[in-house]
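> build me a model:
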Amino acid sequence: MTLALRIWDASDLDDRARWEQLHAAWPAREVFAHPAYLSLFAGAGDRTLAAFAPTPNGWVLYPFILRQVAPGLTDITSPYGYGGPYRTGDAAEYAEPFWTAFAAWTATQGVVSEFVRFSLFDDDLLPYPGERVQKLVNVVRSLEPSAQEIWTDFDHKVRKNVNKATRSGVTVEIDPTGAQLDDFFRIYESTMDRREARRGYYFPRSFFETLGAQLAGQYVYVHARFAGRVVSTELALVSAHTVYSFLGGTEEAAFDQRPNDLLKHELILWAKQAGKRRFVLGGGYAEDDGIFRYKKAFAPTGMLPFHVGHRIFDRASYQQLVEATTVGAQELAPGWQPAPGFFPAYRSPGPSTLRG
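The predicted model follows:
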């Protein structure tokens, strides 16, 4: 059993057109598989690619970013969010020939390792031949019940906070075009500063402008307004069946009005009315932290494990890169070692001069 594997490059106009046409015809239209989404996370010198293989009654599409590591060496990563090797039809039967063909291609590109952030929904994915590692759990709000049943399923504190926000005069606006990007960006940046978020969670304004220009119909902004001012805001990503909470924040001075509870409630209702099946709230930074507990209150039984994938293609080069990174870091920070569990270890966060 063999497959005709093709590698599409988003920088090639013909390849990009094929990729976008496939995506537009795909019933799921997962936003994380769109070339414009991946390109948002590709750095200078990175390549936005997809491995595509048709099967008799379906296909496999594995979008990824190919990064330069050292002369003649590269690695593979998924962008922020979710992804993996998506499949349709009978493609699951072709997992082994797909991965065999893909491994042959990686050998021609000097690929050392691969890091994958998987979709929460395994039925959408091809079985993976590497190591799957669970990283916490994510909260998913099913939209199949009635609006009243969803409301009743919220924790009591959510219902209480939504009612308080409404009584306080908080209102919610759906912004499908990003017309109020100024308000969003102001609150998003101040929220990241207040939480002392890792630099990887800070995105420049140009990131949101590009997203708005290239992913029309696959995102929505939601704003909560109090006393005439936007005080809480969220950017959600939109696929055919699923809405994903993505980025946002709330002004600290408005916490007492509970605007974000009302915003989440209205966003969930909007997603249900739009015919979506589920709303993904995501997870926290650490197990059972405050962010996770806040999200869980909107779907107390809606927990799904989040997995990542690890694979080493060239073990000798991998070890050499780890050793070189460690030696370089220890010149600045004696005793430094790669963070336990971080993959690939040669990209482990460390002194500012380390490979990013």
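> distance of the residue nearest to residue 330 when sequence neighbours are not counted relative to residue 38?
If you skip the residues right next to it in sequence, residue 330 has residue 336 as its closest partner in space, 5.2 Å away by Cβ to Cβ, 6 or more residues apart in numbering. In short, each C-beta sits where N, CA and C put it, glycine included. Relative to residue 38, residue 336 is positioned 31 Å away (criterion: Cβ to Cβ, to the nearest Å).
> more crowded one of those two?
Set side by side, residue 336 and residue 38 show unequal neighbour counts under other Cβ atoms under 10 Å, the larger going to residue 38 at 24 against 18.
> got the contact list for the helix or strand in which the more buried one is found?
Mapping residue 38 onto the secondary structure by DSSP states H and E places it in helix 35-39. Judged by Cβ atoms under 8 Å, 6 or more residues apart in numbering, the contacts made with helix 35-39 from elsewhere in the structure are 8, 10, 16, 19-20, 23, 31-32, 48, 50, 63-65, 79, 81, 210-211, 214-215, 218, 237.
> let's see that with 7 Å instead.
Contacts with helix 35-39, where a contact means Cβ atoms under 7 Å, 6 or more residues apart in numbering, come from 10, 16, 19, 20, 31, 48, 63, 65, 79, 214, 215.
> in which helix or strand does the third one reside?
Read it as residue 19. Using DSSP H and E, the element containing residue 19 is helix 13-25.
> ok so, going back, please narrow the contacts of helix 35-39 to those residing in strands.
48, 63, 65 (DSSP state E).
> state the distance from the last one to residue 48.
Going from residue 65 to residue 48 by Cβ to Cβ gives 6 Å.
> what of the second one?
Between residue 63 and residue 48 the computed distance is 8 Å (Cβ to Cβ).
> narrow the contacts of helix 35-39 to those that are buried.
Restricting these to buried positions leaves 10, 16, 19, 31, 48, 63, 65, 79, 215, with burial counted as 16 or more other Cβ atoms under 10 Å.
> just the closest of these to residue 106, please.
residue 65 (13.6 Å; Cβ to Cβ).
> now that closest one: how far from residue 55?
From residue 65 across to residue 55, the span is 25 Å (Cβ to Cβ).
> equivalent analysis for residue 142, please.
30 Å.
> more neighbours, the two?
With neighbours defined as other Cβ under 10 Å, residue 142 and residue 55 compare such that residue 55 has more, 20 against 15.
> residues contacting the more buried one?
Neighbouring residues of residue 55 by Cβ under 7 Å, 6+ apart: 89, 90, 91, 94.
> what number of residues lie near the third one?
Residue crowding around residue 91 was assessed by other Cβ under 10 Å; the count is 23.
> and the pLDDT at the residue nearest in space to the middle of the chain?
For the chain, the residue lying nearest the average C-alpha position, counting by Cα atoms, centre = their mean, turns out to be residue 81 (0.9 Å). You'll see residue 81 listed with a pLDDT of 96.
> how about it, phi and psi?
With angles defined as degrees, to the nearest 10, residue 81 shows backbone torsions of phi 120, psi -130.
> can you name the residues that contact the nearest residue to it once chain neighbours are set aside?
Spatial nearest neighbour of residue 81, excluding adjacent residues (Cβ to Cβ, 6+ apart): residue 32 at 5.0 Å. Residue 32 makes contact with 81, 82, 83 under the criterion Cβ under 7 Å, 6+ apart.
> do you know how far the first one is from residue 145?
Applying Cβ to Cβ, the value for residue 81 to residue 145 is 26 Å.
> equivalent analysis for the last one, please.
Going from residue 83 to residue 145 by Cβ to Cβ gives 28 Å.
> between the two, point out the one with more neighbours.
Neighbours were counted for residue 83 and for residue 145 using other Cβ under 10 Å; residue 83 has more, 24 against 13.
> may I have the beta-bridge partners of that one?
Taking DSSP bridges as the rule, residue 83 bridges to residue 118.
> for the one 4 residues further on, same thing?
Note on residue 87: beta-bridge partners by DSSP bridges are residue 60.
> surely it meets residue 126?
Yes - using Cβ atoms under 7 Å, residue 87 makes contact with residue 126 at a distance of 4.6 Å.
> what sits in contact with each of these two?
Counting by Cβ under 7 Å, 6+ apart, the residues touching both residue 87 and residue 126 are residue 60.
> what about those two, which has more around it?
Remark: of residue 87 and residue 126, residue 87 carries more neighbours, 24 against 21, as counted by other Cβ under 10 Å.
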